[in-house]
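*Asks:* return a 3D structure for these sequence lines:
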Amino acid sequence: MWSVVLGALSALAGVALTQIMQGRREAQGRFYDQRREAHVEFLKIFERYWGSAARHTPYHEGPSPSDLEADDFDVLYNQLLAVRIFASAATYRAADKATKELMDFFRADGKGDQGPLTSAFDDYMRLMRKELGVK
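*Replies:* The predicted structure follows:
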């Protein structure tokens with residue numbers, strides 16, 4: 001009788017353990033997907049801003065990059081917040097530094113030295129790729 005009860009309990013424990021492990025794997029997969037999506041969206045927005053500042057000439061219609069208001073960058077900063085939520089602290093700091101360098105580039109109307117911006121962006125890319133396991 002006791003052997004039947006113990007057998008049933010160990011079978012139930014095995015099923016419960018399997019379900020717990022499967023739940024953890026699924027949660028890790030969702031977290032990876034969210035992290036990847038945060039980085040990809042940040043990169044798209046970042047590069048769009050960078051490109052628009054770099055392409056600006058005095059002959060363009062509309063405001064120069066330095067004329068933009070803080071509200072014009074809400075999309076970028078909102079996505080940086082997503083990176084902060086899902087990325088490691090080091091990767092977020094690199095993304096934040098790249099964003100600050102991008103803002104300096106905007107203040108120079110896209111005519112300043114791109115070296116610091118490129119370096120900060122490359123640091124972010126290296127950490128992001130490492131974090132996501134991209135070779």
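*Asks:* by contact count, what packs against the helix or strand containing residue 121?
*Replies:* Residue 121 belongs to helix 115-132 when elements are defined using DSSP states H and E. Other elements packing on helix 115-132 under the criterion 3 or more C-beta pairs under 8 Å, 6 or more residues apart in numbering; DSSP states H and E are helix 2-55, helix 89-107. Using the backbone N, CA and C atoms, a C-beta is placed for each residue, glycine as well.
*Asks:* low pLDDT regions in this protein?
*Replies:* Under the criterion pLDDT under 70, the flagged ranges of the chain are 1-2, 4-31, 56-71.
*Asks:* ok, now with 80
*Replies:* Where the chain drops to pLDDT under 80, the residues are 1-31, 52-72, 109-112.
*Asks:* which one is residue 75 nearest to, not counting chain neighbours?
*Replies:* Distance criterion C-beta to C-beta, 6 or more residues apart in numbering; nearest residue to residue 75, sequence neighbours excluded, is residue 45 at 5.6 Å.
*Asks:* sorry, back to before: what comes up buried for the helix holding residue 121?
*Replies:* 117, 120-121, 123-125, 127-128, 131 (16 or more other C-beta atoms under 10 Å).
*Asks:* good, we can wrap up now.
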